[in-house]
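Participant: Predicted model follows, preceded by the sequence.
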Amino acid sequence: MLEKFKINQIYNYKKGKTLQLKNNIFNELSNDEIEAYSRQIVLDEIGYEGQLKIKNAKVLIAGVGGLGSPTALKLAAMGVGFIKLVDRDIVSTSDLHRQHLYDFHSIGLVKVEVATEKLKALNPRITVIPIPISIKQWNAHELIKDVDLVIDGLDSIEARYIINRACIERNIPYIYGAAIENQGVASTIIPYESACLECFNPGLTDEELPKCSIVGVHPSILNIISSIQTFEAIRLITGKKPKLINKLLYVDLNELSFDEVKVVVRNQNCPSCGSKQIKPQLKEELIEEHCARSGKKVFIITPKKWLTIDLLKASIQLKEFKIEKFGKLGATFSREDGITLSILKTGVAIIQVPPNLNKLNSKKDVLDLYKTIFIDKLNMPIEALPL
């Protein structure tokens, strides 16, 4: 079960005051913190009081890939006191050109585990919580319920719709961002005050959108969008009105252009924030086929409930697999037939299949393998199986 964390505060920029939800607010900065953050404390828009709010802030970064990893670095360096990292993937070779939280030795390890270690080394004054799980409808509310705001680092529109709706229902600000090739977009969504993601980007599916493995993505656009998201987050945390409320910023590096598009005011027919009492079910896949890595098909399987996998037991039970990387939150194994299997502590599995292995070509095939490993060998409950 996901750990329960206390909420520090939510800052309401309209009322101009901090709403204390729990009694564990920090009331001052240490001399060490004043020195560490001195170059931003002197900024008019931050100051001592603003830095104190940054220290008390709780932020969830959804995805620590191309967008989420630079955002995590900036927020940790700036002293955000509590950062929750949610991601369900391992580090791959093709990540390293743009995801600079990771290095060659990180390959095969769980992203949130590596990211947490790097961020704590950068700033040991803060708390970082790694959660190696996919964002799905069954867990989104529990993931976000103890944070002040959510920052988008996702690569799936379907996952974005889920987090957008959960943020609306929990009344938590959501800073949206996306990038592909040399273009990127960002917007700040304040529940019931601004248009939400489904107001201005409705009805999309992952299948119809371009993938960075096919069309590519320039690291520069990721850092630009991430920096804008970070700026908006700090404005919210310190009590200032965000610049991108009811606006979509479109950045095109091909033209070196930055254009603001005014977003239509909340759509009353919006399936997420509109006036309808019954919300339509969002699409989601628990067995996902992803872009190939190292010439192998990639499947990511997410269970239907929280699991806690004993990784040491798994390494003993999976006698036909060889350990390639072993961490606290996940392990990567290989088999003689070319299959690479990554098991995350929460029950997520990443299965990479070589093209010449015909017996594992479909989602049904990989589900059978998942069942053999997690249900039959590791004795996980059958109701967790993503059918």
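Facilitator: Structure received. Nothing here was measured: the structure is a model prediction, and the numbers come from that model.
Participant: quick one: low-confidence ranges for the stretch 251-387 of the chain?
Facilitator: Applying pLDDT under 70 to the stretch 251-387 of the chain flags the ranges 277-278.
Participant: For it, which segments are assigned as strands?
Facilitator: 257-262, 287-293, 296-301, 321-326, 330-335, 340-344, 349-353 (DSSP state E, counting those that start in this stretch).
Participant: can I get these in JSON lines with mean neighbour count?
Facilitator: Bear in mind the C-beta positions are built from the backbone N, C-alpha and C, glycine included. Putting these into JSON lines (neighbours: other CB atoms under 10 Å) gives the following:
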{"stretch": "strand 257-262", "mean neighbour count": "11"}
{"stretch": "strand 287-293", "mean neighbour count": "16"}
{"stretch": "strand 296-301", "mean neighbour count": "20"}
{"stretch": "strand 321-326", "mean neighbour count": "16"}
{"stretch": "strand 330-335", "mean neighbour count": "21"}
{"stretch": "strand 340-344", "mean neighbour count": "24"}
{"stretch": "strand 349-353", "mean neighbour count": "23"}
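Participant: Turn the ones you listed into JSON lines, columns for distance to I175.
Facilitator: Formatted as JSON lines, the strands of the stretch 251-387 of the chain follow (distance: least, CB to CB, whole Å):
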{"stretch": "strand 257-262", "distance to I175": "16"}
{"stretch": "strand 287-293", "distance to I175": "24"}
{"stretch": "strand 296-301", "distance to I175": "25"}
{"stretch": "strand 321-326", "distance to I175": "32"}
{"stretch": "strand 330-335", "distance to I175": "27"}
{"stretch": "strand 340-344", "distance to I175": "26"}
{"stretch": "strand 349-353", "distance to I175": "27"}
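Participant: Let me know which of those strands is the nearest to D103.
Facilitator: strand 321-326 (13.3 Å; CB to CB).
Participant: can you list the residues that contact that closest one?
Facilitator: 90, 107-109, 311, 315, 331-335, 340-341 (CB atoms under 8 Å, 6 or more residues apart in numbering).
Participant: Columns distance to P173 on top of the residues you listed, output as TSV?
Facilitator: Converted to TSV, the contacts of strand 321-326 look like this (distance: CB to CB, whole Å):
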residue	distance to P173
I90	30
I107	34
G108	35
L109	31
L311	35
S315	41
A331	36
T332	36
F333	40
S334	42
R335	45
T340	38
L341	38
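Participant: for the residues you listed, which one is nearest T188?
Facilitator: The shortest approach to T188 among those belongs to I90, at 30.6 Å (CB to CB).
Participant: Next up, the contacts around S94.
Facilitator: 213, 293.
Participant: before we move on, what SS does it have?
Facilitator: Reduced to three states with DSSP: H, G, I helix; E, B strand; the rest coil, the structure at S94 is helix.
Participant: what about stretch 94-111, average pLDDT?
Facilitator: For stretch 94-111, mean pLDDT is 97.
Participant: then it to CSV, C-alphas only?
Facilitator: In CSV, the C-alpha atoms belonging to stretch 94-111 read as follows (Å, rounded to 0.1, in the frame of the first residue of the first chain):
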residue,chain,number,x,y,z
SER,A,94,18.2,5.8,-25.6
ASP,A,95,17.2,8.0,-22.6
LEU,A,96,20.6,9.4,-21.9
HIS,A,97,20.8,12.1,-24.6
ARG,A,98,18.0,14.0,-23.0
GLN,A,99,17.4,12.6,-19.5
HIS,A,100,20.4,14.0,-17.6
LEU,A,101,19.4,12.7,-14.2
TYR,A,102,20.8,9.3,-15.4
ASP,A,103,24.1,8.0,-16.6
PHE,A,104,25.6,4.9,-18.3
HIS,A,105,25.7,3.0,-15.0
SER,A,106,21.9,3.7,-14.4
ILE,A,107,20.9,1.6,-17.4
GLY,A,108,18.5,-1.2,-16.3
LEU,A,109,17.7,0.4,-12.9
VAL,A,110,14.4,1.9,-11.9
LYS,A,111,14.2,5.6,-12.9
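Participant: Just the buried residues of it, please?
Facilitator: Residues of stretch 94-111 classed as buried: 95, 98-102, 106-111 (neighbour count, 16 or more other CB atoms under 10 Å).
Participant: just stretch 117-133 next, same as before
Facilitator: Here stretch 117-133 shows 117-119, 123, 126, 128-133 as buried, counting by 16+ other CB under 10 Å.
Participant: coming back round to it: output the buried residues of stretch 94-111 in a markdown table, with secondary structure appended to each entry.
Facilitator: Output for the buried residues of stretch 94-111, formatted as a markdown table (three-state DSSP):
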| residue | secondary structure |
| --- | --- |
| D95 | helix |
| R98 | coil |
| Q99 | coil |
| H100 | coil |
| L101 | coil |
| Y102 | coil |
| S106 | helix |
| I107 | coil |
| G108 | coil |
| L109 | coil |
| V110 | strand |
| K111 | helix |
